[in-house]
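Enquirer: Quick one: sequence and predicted model below, then my questions.
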4 protein chains.
Amino acid sequence: MAQNRSDVQYETGIGTSDLHSIQVLGHDLAGELLGKVGFAELAYWLATKRRPTPGQLRVFEAVLVSLADHGFTPTAIAARLTYYSAPDSLQGAIAAGLLGGGSRFLGVTEDTGRYLHEVLASLGETDAFTDADWDEAARSALLAAKAARLKVPGLGHPNHKDGDPRTPVIFQIAEDEGVLGPHLTLFRAIGRVAPEVLGRALPLNGAGVAGAALADAGLPLSMLRGFALLARTAGLIGQLAEELENPIAPAVYDEVDRNARYSPPTEHTPPEE
Amino acid sequence: MAQNRSDVQYETGIGTSDLHSIQVLGHDLAGELLGKVGFAELAYWLATKRRPTPGQLRVFEAVLVSLADHGFTPTAIAARLTYYSAPDSLQGAIAAGLLGGGSRFLGVTEDTGRYLHEVLASLGETDAFTDADWDEAARSALLAAKAARLKVPGLGHPNHKDGDPRTPVIFQIAEDEGVLGPHLTLFRAIGRVAPEVLGRALPLNGAGVAGAALADAGLPLSMLRGFALLARTAGLIGQLAEELENPIAPAVYDEVDRNARYSPPTEHTPPEE
Amino acid sequence: MAQNRSDVQYETGIGTSDLHSIQVLGHDLAGELLGKVGFAELAYWLATKRRPTPGQLRVFEAVLVSLADHGFTPTAIAARLTYYSAPDSLQGAIAAGLLGGGSRFLGVTEDTGRYLHEVLASLGETDAFTDADWDEAARSALLAAKAARLKVPGLGHPNHKDGDPRTPVIFQIAEDEGVLGPHLTLFRAIGRVAPEVLGRALPLNGAGVAGAALADAGLPLSMLRGFALLARTAGLIGQLAEELENPIAPAVYDEVDRNARYSPPTEHTPPEE
Amino acid sequence: MAQNRSDVQYETGIGTSDLHSIQVLGHDLAGELLGKVGFAELAYWLATKRRPTPGQLRVFEAVLVSLADHGFTPTAIAARLTYYSAPDSLQGAIAAGLLGGGSRFLGVTEDTGRYLHEVLASLGETDAFTDADWDEAARSALLAAKAARLKVPGLGHPNHKDGDPRTPVIFQIAEDEGVLGPHLTLFRAIGRVAPEVLGRALPLNGAGVAGAALADAGLPLSMLRGFALLARTAGLIGQLAEELENPIAPAVYDEVDRNARYSPPTEHTPPEE
């Protein structure tokens, strides 16, 4: 039927191909990109449609490296158990691992980026801010969070109570590369005034610093969780390659099964039948 | 109960941490890796527990770049539709996109690597092979596949019928870097003799060459699909960032819905009730 | 190390087994459940640890039937595209379909249940409420939502503008079975006073009514989305069985690919290199 | 462009809707299905486009009940760990659980159904088979498997070494309902002759019997894994509802973390740099 004819067009600026060439981001993949652009560089470019500066790229690579693996996290264990159950589907095991990339563990990168962005939006022009201005802004933000009984994302770490070792290094790289911008600056000030406002020192969580650094390096807030997931994909491949060589999933399963305690529900009200 | 006590240990060589440090692959993450190791380099290292040589790394990065995006593939469309339905879960949209990374599209990288590995295993020592020896080996392999009516993975491309533009570039990079090994060499010979054995020229698929190149660059066959998935994760982030700015999923949904033709099942045999 | 010895126990009331028997919910699976308990009945029981009354069960089954399929939804299309890409992994295609079960489409069941629950919690004891009391409560709730410029979940439907055909039937079944409780009653009152408060009639969405009915039938709010997913799993199996017989995914892919319009990013600021 | 105009139609027999009605399988959802068709009945109907007979339905419900939960399986643990990591996405946790539904654990239902179907296809007409004929067919099949050193799917159980308690009950229900057909009959004969051919008694695995029963009940082999996944979805909702009340995931994570033994890779060959 004529009215069903579609003139719709699906617009994209990412990739296309024809008989002789493949285009990615408007460049000839074979002639202009392969061997000339690194993988992380392309990942940045795909997400922003801007090629990173060398400084932005170095921060981006460092952040991805910082987020790639954290040992036996719940998501790594879930991926290994899934691979054990369905060894025929590597994509299923990786997907299962990424599905744990939600609020509790991987979320801090995105949450911190978004939180800092919101505070910055309320500050107006900050180009001429002195350290004292930043401290003042951080103090207000912490007091507001305290009054609202809200946790500030990225402040504190469950294990690294004396300081997350990733934190100073990411700050240093961003500074060296000239991309230490307002998100990192505000976050540093928050760390500085936290003892005074909250009554105790709280380390800046490295995954939170990662979010601030990604924002300062020009990456979109809406995709911060995505970069944590990209980094984690590399980590999960490592976990699954190791699982194939030296599995732990059978022992985890056995441990849970052996130490299960069955305590079935008691039925107070049998159904009327 | 005493017999339930567990002395099991979960061994890993990937990551661990304590109060003051994080170790990845036996190195101090903050002091030795951040800013000093690139993301693709770490991904290689995690998968193999060997740090790549500069040549292996350059091939690895080129292959990841070659696999990152292929425009509006079924998996990219599936990821966009999932993000449209559940915008609150970026990890779900990425996972949905990766779940299409199975046999039909992404599988060719792994399948080609495994196929070449099997042929190589049957050849014994190939260090002294001449081009004529490789051609002979390729001819035997193709004849065997033909007799068994099996498709050779990585031979032919649905669109690039005159040659996949990625193919010569990946060969060149591998050659320049001194990592053009037996998998690529055999695959090149297969392309060379295919017209003679199969009666028509078939281009070497770039995704298949990717698999051969990864194998020659020292990456494990069991994880080849994983690298295609890692590359694709970067592509999916690009697709989803674009979807957020300029969505196509509502139009895809609308197109399918508008052009649906309902043809309900006819019930020949009503249930006896 | 002694301190690593674990006395942890993993408590569960769901399932266990030994050499001769399998227990589910404290009952012998083979002797007490198979052939004696229906599948939906077991699903209710597993989620609540209470066996449903016949009335609760009939409402639960009706709600699951009402949510099982909605034709070519984005999630159904995503599942079909994933199955096309990875036909070797049915579980991946179903998982991809479920991953679209988020806020935009499937979420209304859970959102409506939770919204009604919150309003009810603010009303105190409602056992003696008359219709006029319910209307008054509904009016207050709508006015509060209007003042806060919030959308009331479950009010309105994109297609069924004159009324969702599922709505009166679910109310009737709940009434017939004696499980029409406060959630459905409040929701009905909201529908009744909506024209007066909002200036136009808005139909009660059937998926929202489903959420209210599940809550009145004794199912936990935290799992309402889960039941929508359970229902949708049956629908996805139907979609994928049909896809196997009479595929649409290749045509969807072809349509998008053929009508793609490539508009690559323009680079205003080349990176300083 | 005219040539881009699409006349494609996406045919479906499942669902559609218009302003006033919703159709599922050619029936009015509100008027003909809600409250009149059970959920399992609809699931059968969606998968086959045939409404089940009462006998087929009873077997189908019993099989779904038999497969819904098996306690702390690897997939249940993976789903719980994923829910712990990403509590904001119930669909992600369920999807992660289903992704373990692959070859090792859930696969036996499908594998057994397919295996029996292949043997049956080789037997020709079996309507007049006596027990002796079935034994002879089973003997041949087992001898062929033994010669090829292949495992017969569904034969044996890791825990229920003296017999899977589900097995006789499913056979009995199928017999009572008049749907005990060739798949179950052949499988029973295989169990009967196994000691003679293989030198030891091997119980018929209940999940394998489930596959045979589904095939005899008229369900398509290509979707057998799907029904195991549908059943498991109900089980996973139970697992996750319990996890919310009484979590085990933090203890599993802690156990693995506490008993991790770090053994980093030794680097024999430093990269030439």
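Expert: That came through, no problem.

Enquirer: near chain D at all, the one helix or strand A:Gly97 maps to?
Expert: Secondary-structure assignment from DSSP states H and E places A:Gly97 in helix A:90-99. Yes - counting by Cβ under 8 Å from any Cβ of the partner chain, chain D is contacted by helix A:90-99 at A:92-93, A:95-96, A:99. Every residue, glycine included, has its C-beta placed from N, CA and C.

Enquirer: and the next helix or strand after that helix with helix B:90-99, angle?
Expert: Note on helix A:90-99: by DSSP H and E, the next helix or strand toward the C-terminus is helix A:107-123. Computed with axes from the mean of the first three to the mean of the last three Cα atoms, to 10 degrees, the direction of helix A:107-123 lies at 130 degrees from that of helix B:90-99.

Enquirer: Other residues contacting helix A:107-123?
Expert: With contacts defined as Cβ atoms under 8 Å, 6 or more residues apart in numbering or on different chains, helix A:107-123 is touched by A:67, A:101, A:103, A:126, A:129, A:137, A:141, A:152-154, A:182-183, A:186-187, A:205, A:207-212, A:214-215, A:221, A:224-225, A:227-228.

Enquirer: With only the CA atoms kept, save it in CSV.
Expert: Extracted in CSV, the C-alpha atoms of helix A:107-123 (Å, rounded to 0.1, in the frame of the first residue of the first chain):
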residue,chain,number,x,y,z
GLY,A,107,28.5,2.9,38.9
VAL,A,108,30.8,5.1,40.9
THR,A,109,32.6,6.4,37.8
GLU,A,110,29.5,7.7,36.2
ASP,A,111,27.9,8.8,39.5
THR,A,112,31.0,10.9,40.4
GLY,A,113,31.2,12.5,37.0
ARG,A,114,27.5,13.4,37.0
TYR,A,115,27.6,14.7,40.6
LEU,A,116,30.6,17.0,39.9
HIS,A,117,29.0,18.2,36.7
GLU,A,118,25.9,19.2,38.6
VAL,A,119,27.8,21.1,41.2
LEU,A,120,29.9,22.8,38.5
ALA,A,121,26.7,23.8,36.7
SER,A,122,25.5,25.6,39.8
LEU,A,123,28.8,27.5,40.1
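
Enquirer: packing partners for the helix or strand following that helix?
Expert: Using DSSP H and E, the helix or strand that follows helix A:107-123 towards the C-terminus is helix A:131-147. Counting contacts by 3 or more Cβ pairs under 8 Å, 6 or more residues apart in numbering or on different chains; DSSP states H and E, helix A:131-147 is packed against helix A:107-123, helix A:182-198.

Enquirer: and the angle from helix A:131-147 to helix A:107-123?
Expert: Using the same axes, to 10 degrees: helix A:131-147 against helix A:107-123 is 120 degrees.

Enquirer: is any part of the very next helix or strand once past helix A:131-147 close to chain B?
Expert: Going down the chain from helix A:131-147, the next helix or strand is helix A:166-176, by DSSP H and E. Yes - on the criterion Cβ under 8 Å from any Cβ, helix A:166-176 is in touch with chain B at A:166, A:168-170, A:172-173.

Enquirer: on that earlier part again, would you format the residues of helix A:90-99 next to chain D as TSV with pLDDT included?
Expert: What follows is the residues of helix A:90-99 next to chain D, written out as TSV (pLDDT from 0 to 100):
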residue	pLDDT
A:Gly92	96
A:Ala93	97
A:Ala95	97
A:Ala96	97
A:Leu99	95
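
Enquirer: Output these in CSV; the columns should cover neighbour count and distance to C:Ala40.
Expert: Below are the residues of helix A:90-99 next to chain D laid out as CSV (neighbours: other Cβ atoms under 10 Å in any protein chain shown; distance: Cβ to Cβ, whole Å):
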residue, neighbour count, distance to C:Ala40
A:Gly92, 32, 27
A:Ala93, 31, 31
A:Ala95, 32, 28
A:Ala96, 36, 27
A:Leu99, 36, 26
